[in-house]
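[1] here you go, sequence then predicted model.
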Amino acid sequence: MLGNLVTGCSVLAPAGMLTELSNGLGVTIRTAGLLITFGAIVLCVGSPVTAWLTSRIERRVLLTTTLLVLALTNAASAIAPDYDSLLIIRLVMLAVGVLYTPQAAGTAALIVPAEKRGSTIAYVFLGWSLAAAIGLPLITFIASRYGFRATYAAIALTGFASFMFLWWRLPGGLRGAPVDLRTWVDLGRNPMIILLLSITTLQMSGQFVVFTFMGPLLAKLTGASPDAIGIVFALYGIFGFVGIVIATRIVDSWGAWKTSLLFTGLLLAGVAGWAVSAGAYVLMAGSVALWGLGFASTNSMQQVRLVGAAPAFASASVSLNTSVLYIGQAIGSAVGGLLFAREWLYSAGYVATVFVALALAVVIATRPRRVSRAAAAE
């Protein structure tokens, strides 16, 4: 879970300090935003590839090595001399860091009973909620006062601590099912897997139309200060944390589909609220809080549903989910960057709402079929 906090901060950091990156590196805000777009492209390509290349590596070695690389590349980012160097370091960072989240979920599934799998995977994903709840506001706070370099240094220190804790506590000898070409073929022939992956893509595309540029959008639409922007990021993360805690508590009894339906609905309500209230800081902040309830819990439910749809290939299916998650980030941040560059600031919320509404429609379409008692007896 702590490793996911480091991973989440590493991935999301530019979104919390776009202005500082722009000023410190002498580039436009849209160019700074490309750190997220290009990073997302590396992540979406790298997730299935690295899952295949590393499937036979013992989990403790794999996860701790990934965290060590994240720590070192964040440290290197703190001393990067220019934008091009920072971009190259970020691409290396994420090419390796992409391993962590799906492999952490797959590893969690190996060390708990099947009946606890859903809540455990949701718990491990709490790290991403904490990255938004604590990490992003701190990133905004530190960057606005001490610069983006101090922020990268702080993430690096957290990464080193996580590396040491995980090496100390994670059992050795954990191995998942080997991933080969047949694994991808089998997953590609599973209609439920394809539909679940499309939900993730649509959800993330919609969110990142706004999220990538949330700070600059708040500043332009409401005149919000860096501290006021940090408060909105804090609301997003705190309510994200609350949402995933609730999801962790109810998923084993409700089931992953009902839980996913609830939180995708909340996500849609929050994004739509942002669109309708654009220009009013208090209403936009309230909408972000509602949006936050759904952002992490929806993705953790996606992982739970994917593991349930193909338990033997959990690491492969979850890595595909991570891949399309970053495809969604790339699509959303690219669309958001285009809208921001053209000053279509009010349109971003409505475009985001369309993406998330489509995701909710697919969630509804993937409702599990009821099995008759006679069929179950057979």
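    Nice, I can see it. On a predicted model such as this, the values are computed, not experimentally measured, just so you know. Numbering: from 1, shown residues only.
[2] how about low-confidence regions in the stretch 1-150 of the chain?
    Residues of the stretch 1-150 of the chain meeting the criterion pLDDT under 70: 46-55, 118.
[3] rerun at 50
    The model of the stretch 1-150 of the chain has no residue with pLDDT under 50.
[4] how about the helices of it, start to end?
    Ranges of helices within the stretch 1-150 of the chain are 2-16, 18-25, 29-53, 59-78, 83-97, 100-110, 117-124, 126-130, 136-146, 148-169, based on DSSP state H, counting those that start in this stretch.
[5] in CSV: the ones you listed, plus mean neighbour count and distance to Leu262.
    For every residue, glycine as well, the C-beta is placed using N, CA and C. Formatted as CSV, these follow (neighbours: other C-beta atoms under 10 Å; distance: least, C-beta to C-beta, whole Å):
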stretch, mean neighbour count, distance to Leu262
helix 2-16, 25, 22
helix 18-25, 20, 32
helix 29-53, 21, 27
helix 59-78, 21, 31
helix 83-97, 19, 30
helix 100-110, 24, 21
helix 117-124, 23, 13
helix 126-130, 26, 16
helix 136-146, 22, 24
helix 148-169, 19, 31
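[6] how about Ala104, what does it touch?
    Contact analysis of Ala104 by C-beta atoms under 8 Å, 6 or more residues apart in numbering lists 3-4, 63, 124.
[7] for the helices of the stretch 1-150 of the chain, give me a markdown table that also has distance to Ala348.
    Below are the helices of the stretch 1-150 of the chain laid out as a markdown table (distance: least, C-beta to C-beta, whole Å):
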| stretch | distance to Ala348 |
| --- | --- |
| helix 2-16 | 14 |
| helix 18-25 | 14 |
| helix 29-53 | 12 |
| helix 59-78 | 27 |
| helix 83-97 | 24 |
| helix 100-110 | 26 |
| helix 117-124 | 29 |
| helix 126-130 | 23 |
| helix 136-146 | 19 |
| helix 148-169 | 24 |
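[8] closest one to Tyr281 among the ones you listed?
    Nearest to Tyr281, of all these, is helix 136-146, at 15.5 Å by C-beta to C-beta.
[9] can you name every helix or strand that that closest one contacts?
    Contacts defined by 3 or more C-beta pairs under 8 Å, 6 or more residues apart in numbering; DSSP states H and E place helix 136-146 against helix 2-16, helix 148-169, helix 226-254.
[10] hmm, who's touching the second one?
    Residues from elsewhere that reach helix 148-169, judged by C-beta under 8 Å, 6+ apart: 2-3, 5-6, 9-10, 13, 16-17, 20-21, 24, 60, 63-64, 67-68, 70-72, 74-75, 77-79, 135, 138-139, 142-143.
[11] Leu43 touches Ser319, doesn't it?
    No: counting by C-beta atoms under 8 Å, Leu43 stays clear of Ser319, with 10.7 Å between them.
[12] what's the spacing between Gln302 and Leu345?
    Distance of Gln302 to Leu345, computed by C-beta to C-beta, to the nearest Å: 30 Å.
[13] those two: which is more packed in?
    Gln302 (27 against 16; other C-beta atoms under 10 Å).
[14] sec struct for the more buried one, please.
    helix (DSSP: H, G, I helix; E, B strand; the rest coil).
[15] what sits closest to it if chain neighbours are left out?
    Nearest residue to Gln302, sequence neighbours excluded (C-beta to C-beta, 6 or more residues apart in numbering): Thr200, at 5.2 Å.
[16] quick one, what contacts the one you found?
    Shown in contact with Thr200 (C-beta under 8 Å, 6+ apart): 299, 302, 321, 324-325, 328.
[17] switch the cut-off to 6 Å
    302, 321, 324-325 (C-beta atoms under 6 Å, 6 or more residues apart in numbering).
[18] which pair in those spans the largest distance?
    Spatial extent of those (C-beta to C-beta) is set by the pair Gln302 and Val324 at 9.4 Å.
[19] backbone phi and psi for Gly26, please?
    With angles defined as degrees, to the nearest 10, Gly26 sits at phi 70, psi 40.
[20] neighbours around Val362, how many?
    Val362: 18 surrounding residues under other C-beta under 10 Å.
[21] which helix or strand contains it?
    Per DSSP states H and E: Val362 is located in helix 347-365.
[22] so which bits of that helix are buried?
    In terms of neighbour count (16 or more other C-beta atoms under 10 Å), helix 347-365 has its buried residues at 347-356, 358-360, 362-363.
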